[in-house]
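Enquirer: Okay, predicted coordinates and the sequence, questions at the end:
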Amino acid sequence: MKHTEGMHTSRRSVLALGSAAAAAPLLGAVPARAADVGAGEFDELGVTELRALMDAGRLDAERLTRYHLERIERIDPLLHAVIEVNPDAVREARRLDASGRPRGPLHGMPVLLKDLVETADRMHTTAGSLALEGLRPARDATVAARLRAAGAVVLGKTNLSEWAGGLSLTHHAGWSARGGQTRNPYKLDRSPNESSSGTGAAVAAGLCVAGIGTETNGSIIDPSSANCVVGVKPTVGLVGRGGVIPGVPSQDSVGPMARTVRDAAIMLGTLVGVDGRDPATAASRGHFHRDYTRFLDADGLRGARIGVPRTVYFGYSDHADEIAERAIAVLRSAGAVIVDPADIPTAEQLEDLPGSMVVQAYEFKRALNSYLGAAPGEHPRDLAELIAFNRAHADRELRYVRQDGLEAVQRLDFSEREYREALAVNHRLSRAEGIDAVLRRHRLDALVMPTSGPPAKIDLIRGDTYGGGASTPAALAGYPAVSVPAGFAFGLPVGLTFMGTAWSEPVLLRLAYAYERASRVRKAPTYRAADVGF
């Protein structure tokens with residue numbers, strides 16, 4: 001989710017609900033021994049390698065879970081990426097070990113969930129807000145239930161931009177009143193980018209094997225870029241959102257974040273399917289796959305036609321452009337046919353659509369009111385009560401930023417007719433006249449562009465700066481995108497986004513996997529403290 005400095009409709013608008021956070025106590029001092037954080041035994045191992053160790057009798061779920069809990073205790077004070085640890089995680093792991101057989105493809109794998117995902121256990125689900133402290137749903141969200149069914153150990157919840165960035169018009173990525181400020185593990189004074197920032201930082205730092213993020217506009221792919229991990233923003237409707245605190249339902253996606261494309265593909269296969277609590281998933285029948293690893297091919301770029309949309313998605317960052325150009329050269333050398341330029345015809349219109357504000361305000365207000373009204377426990381029952389709660393607790397909730405985002409949504413009142421007309425325009429310009437038009441014109445398999453620029457410095461007082469990115473077309477269309485590590489600028493990660501039409505996840509994962517194998521860019525975090533210069 002995203003927002004901007006003004007009340008207009010660019011991808012940075014607060015109504016895009018993407019990644020400005022709220023207020024809280026203090027940023028917190030960086031521990032002095034940040035440079036001493038070392039690599040651990042299992043940090044960079046993926047699901048396949050860890051499962052092989054388990055199959056060989058050299059590892060079990062309890063040991064792996066304890067390993068990650070110890071790592072959270074030791075490293076997370078640097079990052080503030082984990083908002084809460086599951087007190088029953090070791091018990092869950094023991095039950096898996098006692099079962100005598102693998103439960104599924106994620107058997108014994110510790111995963112972290114963004115604090116928008118409900119879990120029926122002793123953890124809270126709060127969107128980073130003090131207003132929802134104590135909220136313990138009686139039922140797992142669909143994605144949480146499917147992860148458990150696949151054998152995953154739910155290790156805890158990750159920090160985020162409060163209310164997925166919907167609190168304020170200013171951009172404070174990874175900041176919540178409940179969790180404080182998440183830091184980037186590659187350089188601790190840098191932003192972790194957008195509202196799934198806690199998941200991105202935690203995955204990068206090896207605090208879990210993989211994690212779950214959510215995206216309305218950029219909140220999976222941008223933190224994946226900034227934290228040098230792989231993020232999959234699925235087609236809206238591919239992964240069920242039942243039990244996930246909503247933002248803008250026509251744009252909201254839930255997806256995996258992992259250190260490799262293979263792990264992201266394994267995770268995605270466990271999440272997909274029709275969800276009785278999410279009507280949008282009915283459209284996924286015939287489009288989802290239980291095993292996305294079968295589409296992975298190290299030679300998958302050979303003969304692929306990939307377009308480069310330069311208008312809007314290049315030119316905002318010299319560093320991102322340089323890294324993208326090197327990535328395009330890798331794609332070409334691996335056998336891809338590069339069509340350059342292959343501009344999205346409506347790119348400039350999509351960045352400032354009046355209808356985007358209408359859709360986001362209309363959907364967010366109604367979705368959040370519905371969620372708060374039905375959620376159990378003592379807490380605000382609608383947006384008006386939430387705004388009043390924040391005013392009453394301004395010393396913690398509004399210490400650094402105003403809640404002008406929530407107040408704007410509450411104030412704006414569009415009719416259903418205005419909403420329907422705006423949504424139709426958004427879809428037409430982003431789909432038939434946008435992504436689909438350029439893919440069809442040049443007979444492309446996918447588009448490729450830098451995900452975003454190098455992460456900016458954290459600035460709780462004025463807000464983080466933001467310079468551009470790739471997420472808006474897929475966000476408005478509800479189409480998929482995959483971000484994969486592409487390079488570094490002065491040690492700061494930058495990702496490459498593969499974007500396609502609806503239900504094209506198999507193609508995007510194939511291309512991203514082949515690029516990952518050809519480029520081998522990812523490096524473990526350095527946990528550098530703040531310094532002068534870039």
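Expert: Perfect, I can see it now.
Enquirer: Now do the strand or helix carrying D263, average pLDDT.
Expert: Assigned by DSSP states H and E, D263 belongs to helix 261-271. The pLDDT scores in helix 261-271 average 98.
Enquirer: Summarise which helices and strands that helix is packed against.
Expert: Applying 3 or more C-beta pairs under 8 Å, 6 or more residues apart in numbering; DSSP states H and E, we find helix 261-271 packed against helix 47-55, helix 142-149, strand 210-215, strand 230-233, strand 253-258, strand 481-489, helix 505-519. C-beta here means a position set from N, CA and C on the backbone, and glycine is covered the same way.
Enquirer: Among the ones you listed, which comes closest to G156?
Expert: strand 210-215 (9.9 Å; C-beta to C-beta).
Enquirer: In the stretch 151-300 of the chain, mark out all the strands, start to finish.
Expert: Read by DSSP state E, counting those that start in this stretch, the stretch 151-300 of the chain holds these strands, from start to end of the chain: 153-158, 175-176, 180-181, 210-215, 230-233, 253-258.
Enquirer: can you redo these as a markdown table with mean pLDDT?
Expert: Output for those, formatted as a markdown table (pLDDT from 0 to 100):
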| stretch | mean pLDDT |
| --- | --- |
| strand 153-158 | 98 |
| strand 175-176 | 94 |
| strand 180-181 | 95 |
| strand 210-215 | 98 |
| strand 230-233 | 98 |
| strand 253-258 | 98 |
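Enquirer: Now mean neighbour count too, for those strands, in JSON lines please.
Expert: Below are the strands of the stretch 151-300 of the chain laid out as JSON lines (neighbours: other C-beta atoms under 10 Å):
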{"stretch": "strand 153-158", "mean neighbour count": "28"}
{"stretch": "strand 175-176", "mean neighbour count": "34"}
{"stretch": "strand 180-181", "mean neighbour count": "22"}
{"stretch": "strand 210-215", "mean neighbour count": "31"}
{"stretch": "strand 230-233", "mean neighbour count": "34"}
{"stretch": "strand 253-258", "mean neighbour count": "30"}
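Enquirer: Run me through the strand neighbours of whichever helix or strand comes after the helix holding D263, direction for each.
Expert: Counting by DSSP H and E, the element after helix 261-271 in chain order, helix or strand, is strand 305-307. Here strand 305-307 is paired, per DSSP bridges, with strand 337-339 (parallel), strand 446-450 (parallel).
Enquirer: from memory E348 sits against V312, does it?
Expert: Yes. Using C-beta atoms under 8 Å, E348 is in contact with V312, at 6.1 Å.
Enquirer: Compare neighbour counts for these two and give me the winner.
Expert: Taking neighbours as other C-beta atoms under 10 Å, E348 and V312 compare with V312 leading, 22 against 11.
Enquirer: Just list the residues touching the more buried one, thanks.
Expert: By C-beta atoms under 8 Å, 6 or more residues apart in numbering, V312 lies in contact with I344, A347, E348, L350, E351, G468.
Enquirer: That one: what secondary structure?
Expert: Assigned by DSSP: H, G, I helix; E, B strand; the rest coil, the conformation of V312 is coil.
Enquirer: that older thread, from the strands paired with strand 305-307, which stretch is densest packed?
Expert: The highest mean neighbour count among the strands paired with strand 305-307, using mean count of other C-beta atoms under 10 Å, belongs to strand 446-450: a mean of 27.
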